[in-house]
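Novice: Coordinates for the following, if possible.
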Amino acid sequence: MRLKNALLLGAALAASGMLALTAIQEGWKGKDGGRVQTALAQGHPARITPDNLVDRLAVLPLSQRLQRVQWQQAVLAIDLEAAADATQLQLASDLLRLLQLGFVYPDNVDRMLVRVLAASPSAADEAPVLLLAADVRKGDETLHFLPVLQARDVLGGGWDERLRLTRTAAWRMRFDR
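Specialist: Predicted coordinates for the structure are as follows:
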């Protein structure tokens with residue numbers, strides 16, 4: 001009888017260990033309902049290269065269109081085109097996803113420059129209007145918050161200074177009514 005109980009206990013422990021490993025590998029649900037994923041389980045490359053940058057951006061769930069991407073000497077520069085009906089929360093969410101792409105998994109991004117631009121509605125040949133700019137660097141102490149930071153947090157709470165966000169007069173005219 002002791003042997004039978006010992007075998008059952010061993011089987012139960014093995015099964016629970018397998019479930020725990022599966023949960024770690026598959027990720028778990030975050031408080032916002034989105035998936036929090038582990039870097040090793042997802043096979044994210046540890047480095048951004050010209051060969052994998054397009055693939056990484058293609059799977060990123062952005063609500064706005066990418067206008068320009070430049071990768072040069074550990075600096076990733078991205079221009080995001082804001083649709084006319086884009087909300088502050090949508091733009092902050094896209095900004096946060098881009099920053100997470102650059103700083104959460106890879107180890108070779110030293111700086112990210114992100115600009116949010118609004119196309120001029122009057123003429124297609126006019127220059128886009130700058131709404132928001134971010135200049136984030138690898139050495140910034142706030143980068144460890146990126147995996148858990150929410151888009152609504154980026155809009156307030158002193159993150160402008162931490163992420164070197166610059167909101168232009170065009171941003172204020174569009175959103176601060």
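Novice: In this structure V109 contacts L53, no?
Specialist: No. Contact criterion CB atoms under 8 Å: V109 and L53 do not qualify, at 10.4 Å. No exception for glycine: its C-beta is placed from N, CA and C like everyone else's.
Novice: Look at those two and report which has more neighbours.
Specialist: V109 (21 against 16; other CB atoms under 10 Å).
Novice: helix/strand/coil for the more buried one?
Specialist: Here V109 is coil, with the state taken from DSSP: H, G, I helix; E, B strand; the rest coil.
Novice: What residues does the closest residue to it other than its chain neighbours make contact with?
Specialist: Among residues not flanking V109 along the chain, G102 sits closest, at 4.4 Å (CB to CB, 6 or more residues apart in numbering). By CB atoms under 8 Å, 6 or more residues apart in numbering, the contact set of G102 is 48, 76, 109, 112, 136.
Novice: redo that, cut-off 10 Å
Specialist: Contacts for G102 (CB atoms under 10 Å, 6 or more residues apart in numbering) come out as 48, 56, 75-76, 78, 108-114, 136, 138, 143, 146.
Novice: Looking at those, which are in strands?
Specialist: Among these, the members falling in strands (DSSP state E) are 75-76, 78, 111-114, 136.
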